[in-house]
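S.K.: Please find the sequence and the predicted model below.
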Amino acid sequence: MRSRLYGVGLTALLIAIVSAAPAPVDAQAVPSPAPTATPDPLTFDGFVRSYYFTRQNASNNPGVQFDYTPKAPYISNAVNLATWSTGVSLSATYRFPDGGWFARASYFYSNPLNGPCSVAANNLKGAKYPSPSCTSQVPPNTNPDDAMPGFALSTLYEAFVGYDARGWSGKIGDQLFTSPWANPADTRLKPAAFQGADVSYSAPAGWQVEGADMIEFEGRANAAFTDTTLLTSYPAGGSGGLPSNIYVPNCYASGCDGIHTNGFSYGRIGYESSSSPLSGNAYFYGVQNIVDMWWFDAAYRIAPVSWQPTIALQGGFDRNAGLSYVGNVDSDVFGFKLRAVPAKNVAVSFGFDDIPWKTSSLVLPSYVSCSSTGATPSYQIKVAPGKTFPYFLPSQVAQCSTSAAGVTTLYLGGWASPYTDAYTSDPLFTTSEYQGMIQHRSPGTSEKIQATFTSRNNRVVFIASDAWYDYGNALAPQNTNEWDLDGRYRFSPYSGQGPYRGLVLRDRYQQRTATNTYYPIPVVPGLPYLGGIPLLKYNRVQAEYDF
């Protein structure tokens, strides 16, 4: 598999170089240019990034969180999260004399300095050491926030050879890959990275074509490349991961890391030109044995006026493919976004996304049940241990209902995203900093308003947003809301000369509410309980120095 990938990647890069090479020129017809200073072929860059994350779950009482499972109501002793960690990234780039070829490597290290919990193995689900463990501490203590993560990382996340000249660009090796549904997701200590090959060409007329083949993935809280995804593994952070209705033999034994796949193939055709108000892209992702995704986006500058009105559209289709490791997937999405600059230094936008609900009726196998009856229905599918129910189910919303005749209707249609699930790095216009429709794996509708202020010298940026998500269906309502505040201050402007890139302080606050989540005490008969946390407050303080 690796030889196939790198053979394809190297062949594509060589074709790019050969086809882009200029025609021979008569040396006597064109005088030699005057000698100029030769830039240093070896350059260094990097960053130091320090985060303090605090997350409060469910109530104002530290360490109290309500049980999610649909059984007798009780309060569990789950705790809130807090982690402070600092990371350093060091990169080196060497440019070869021809001016097109280059090589780059980036190393990252971080450590929260929290004793035994700095060891990644002690943060695994079910870990018994230390005592209390890093995943089941006693209130009012807090658990590490492993989304950051709350343990040490050491990784060489970039190591590639690339080419960038004459309209062609390409990379082969470990790299940061940027696209709507597979991207660096750089919102924590380090970015996510991919292993593979990527080649693109930009024509002078504004057209672009790109192709890629990625075989392995390193998540933002991981220190090694693996042939798994966020939907087929157990990623650090405690959210998302392999659906509970998909069974993998021996996957709770030591060393299990989920289902292995062959990565994804990718293609893009795009158009963007400064002389045209219209731009757009068409994408295809073939994620091996999981899904095929077709994605489209476009933007149009309505008129060349001072308030710069723009309308953007997005949409696509997501279908299970191959062995369908996460089950049946059948999802469509459509969205639009309006953006304008009504005042100097102020931009406002409104976004909307719609993922339609779909249903499927069947008689459930004997090892599957639907809890849609009784005084406190949860409308959730329950699968017996050691069995698989091959459907991509929504999370913390109503999933099913069984009639008196024994026929169960499944409520489906969520978008399966193997490389952005739970990361909130997907391209939907309404995704917020902590939640979105992809994170819930659910159909529904969503709206988001946002205002951004940027100072004239770009040293101050302040963003405020408010978003609403309706995951309700014919079985039960489910509404969530999130509002975010994001402020950044750069201590001095960047001149473009020398190693200094700037010191930035940033603080982000998120508050999310959700309905029909847990059993209140006393129980309210007839009220659906769909799981989840009714109230979440998240604060992220960041200091970063780029050089």
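M.R.: On my side now, so go ahead. Numbering: from 1, shown residues only.

S.K.: all strands for the stretch 151-300 of the chain, in order.
M.R.: Taking DSSP state E, counting those that start in this stretch as the test, the strands found in the stretch 151-300 of the chain are 153-165, 168-175, 193-202, 207-218, 264-271, 278-287, 291-301.

S.K.: Run through the neighbouring helices and strands of the fourth one.
M.R.: If contacts are counted by 3 or more CB pairs under 8 Å, 6 or more residues apart in numbering; DSSP states H and E, strand 207-218 sits against helix 2-20, strand 193-202, strand 264-271. Backbone N, C-alpha and C define where each C-beta goes, glycine included.

S.K.: rewinding a little: CSV please, covering the strands of the stretch 151-300 of the chain and showing mean pLDDT, distance to Gln450 and mean neighbour count.
M.R.: What follows is the strands of the stretch 151-300 of the chain, written out as CSV (pLDDT from 0 to 100; distance: least, CB to CB, whole Å; neighbours: other CB atoms under 10 Å):
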stretch, mean pLDDT, distance to Gln450, mean neighbour count
strand 153-165, 97, 31, 19
strand 168-175, 98, 31, 22
strand 193-202, 98, 29, 23
strand 207-218, 98, 28, 20
strand 264-271, 98, 25, 18
strand 278-287, 98, 21, 19
strand 291-301, 97, 16, 18
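
S.K.: Out of those, which is closest to Gly502?
M.R.: strand 153-165 (21.5 Å; CB to CB).

S.K.: could you check the angle strand 207-218 makes with the closest one?
M.R.: On the basis of axes from the mean of the first three to the mean of the last three CA atoms, to 10 degrees, strand 153-165 is oriented at 160 degrees to strand 207-218.

S.K.: Show me the contact partners of strand 153-165.
M.R.: Residues outside strand 153-165 that contact it (CB atoms under 8 Å, 6 or more residues apart in numbering): 13, 16-17, 20, 87, 91, 99-111, 120, 169-176, 189-191, 193, 218, 221-224.

S.K.: The helix or strand hosting Gly87 packs against which elements?
M.R.: Gly87 belongs to strand 81-95 when elements are defined using DSSP states H and E. Counting contacts by 3+ CB pairs under 8 Å, 6+ apart, strand 81-95 is packed against strand 42-57, strand 101-111.

S.K.: Send over the longest one as PDB, restricted to the C-alpha atoms.
M.R.: Meaning strand 42-57. Extracted as PDB, the C-alpha positions of strand 42-57 are listed here (Å, rounded to 0.1, in the frame of the first residue of the first chain):
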ATOM      1  CA  LEU A  42      17.900  26.800   5.300                       C
ATOM      2  CA  THR A  43      15.400  28.600   7.400                       C
ATOM      3  CA  PHE A  44      13.800  27.900  10.800                       C
ATOM      4  CA  ASP A  45      10.400  28.800  12.300                       C
ATOM      5  CA  GLY A  46       8.100  27.700  15.000                       C
ATOM      6  CA  PHE A  47       5.900  28.600  17.900                       C
ATOM      7  CA  VAL A  48       5.600  28.300  21.700                       C
ATOM      8  CA  ARG A  49       1.900  27.900  22.700                       C
ATOM      9  CA  SER A  50       0.500  27.700  26.200                       C
ATOM     10  CA  TYR A  51      -3.100  26.900  27.000                       C
ATOM     11  CA  TYR A  52      -5.200  26.800  30.100                       C
ATOM     12  CA  PHE A  53      -8.500  25.000  29.500                       C
ATOM     13  CA  THR A  54     -11.300  24.800  32.100                       C
ATOM     14  CA  ARG A  55     -14.600  23.000  31.400                       C
ATOM     15  CA  GLN A  56     -17.600  23.000  33.700                       C
ATOM     16  CA  ASN A  57     -20.200  20.300  33.000                       C
END
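
S.K.: That one pairs with which strands?
M.R.: strand 81-95 (antiparallel), strand 535-546 (antiparallel) (DSSP bridges).

S.K.: closest to Val368 out of those strands?
M.R.: strand 535-546 (30.5 Å).

S.K.: distance between that closest one and the chain's centre?
M.R.: 17 Å (CA atoms, centre = their mean, to the nearest Å).

S.K.: Now do it: everything it contacts.
M.R.: Taking CB under 8 Å, 6+ apart as the rule, strand 535-546 contacts 45-59, 433-434, 501-514.

S.K.: quick one on the thing from earlier: so the strand holding Gly87 versus strand 101-111, what angle?
M.R.: Strand 81-95 runs at 160 degrees relative to strand 101-111, counting by the same axes, to 10 degrees.

S.K.: Can you list the buried residues in strand 81-95?
M.R.: Burial within strand 81-95, assessed by neighbour count using 16 or more other CB atoms under 10 Å, is assigned to 81-89, 91, 93, 95.

S.K.: Stretch 416-431 now?
M.R.: Judged by neighbour count (16+ other CB under 10 Å), stretch 416-431 contains these buried residues: 416-431.

S.K.: on that earlier part again, generate a ChimeraX selection restricted to the buried subset of the contacts of strand 535-546.
M.R.: Listed next is the ChimeraX selection for buried residues among the contacts of strand 535-546, using 16+ other CB under 10 Å:
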select :46,47,49,50,51,52,53,54,55,56,57,58,59,433,434,501,504,506,508,510,511,512,514
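
S.K.: min pLDDT across the buried residues of stretch 416-431, which one?
M.R.: Within the set of the buried residues of stretch 416-431, pLDDT is lowest for Ala422 (91).

S.K.: on that earlier part again, got a quick ChimeraX command for the buried subset of the contacts of strand 153-165?
M.R.: With 16+ other CB under 10 Å as the criterion, this ChimeraX line picks the buried residues out of these:
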select :13,16,17,87,91,100,101,102,103,104,105,106,107,108,109,110,120,169,170,171,172,173,174,175,176,189,190,191,193,218,221,222,223
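
S.K.: low-confidence ranges in the stretch 51-200 of the chain?
M.R.: Within the stretch 51-200 of the chain, the segments meeting pLDDT under 70 span 58-78, 125-128, 131-132, 136-140.

S.K.: 80 instead?
M.R.: Along the stretch 51-200 of the chain, the model assigns pLDDT under 80 to residues 57-79, 121-142.

S.K.: before we move on, back to that, tabulate the strands paired with strand 42-57 in JSON lines, adding columns for distance to Leu153.
M.R.: JSON lines is the format used below for these (distance: least, CB to CB, whole Å):
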{"stretch": "strand 81-95", "distance to Leu153": "7"}
{"stretch": "strand 535-546", "distance to Leu153": "16"}
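
S.K.: Which of these sits closest to Trp468?
M.R.: strand 535-546 (15.6 Å).

S.K.: in that closest one, what's buried?
M.R.: In strand 535-546, counting by 16+ other CB under 10 Å, buried: 536-540, 542, 544-546.

S.K.: How about stretch 365-375?
M.R.: So for stretch 365-375, counting by 16+ other CB under 10 Å, buried means 368-372.

S.K.: one step back: for Phe491, which of the strands of the stretch 151-300 of the chain is the nearest?
M.R.: Closest to Phe491 of the strands of the stretch 151-300 of the chain is strand 153-165 (CB to CB; 26.9 Å).

S.K.: give me the low-pLDDT residue ranges for the stretch 351-500 of the chain?
M.R.: 374-376, 493-500.

S.K.: can you map out the helices along it?
M.R.: Along the stretch 351-500 of the chain, the segments classed as helices by DSSP state H, counting those that start in this stretch run 437-440.

S.K.: how many other residues sit next to Thr408?
M.R.: Using other CB atoms under 10 Å, Thr408 has 19 other residues around it.

S.K.: cool, Met148 as well?
M.R.: Neighbourhood size, Met148 [other CB under 10 Å]: 27.

S.K.: which residues does it contact?
M.R.: Going by CB under 8 Å, 6+ apart, Met148 touches 51, 53, 83, 85, 112, 188-189, 221.

S.K.: So in terms of bridging, what pairs with Tyr469?
M.R.: Beta-bridge partners recorded for Tyr469 (DSSP bridges): Ser446, Thr480.

S.K.: right, and it touches Pro443 too?
M.R.: No: Tyr469 sits out of contact with Pro443 when judged by CB atoms under 8 Å, with a separation of 10.9 Å.

S.K.: Quickly list what's touching both of the two.
M.R.: Taking CB under 8 Å, 6+ apart as the contact rule, Tyr469 and Pro443 both touch Met437.
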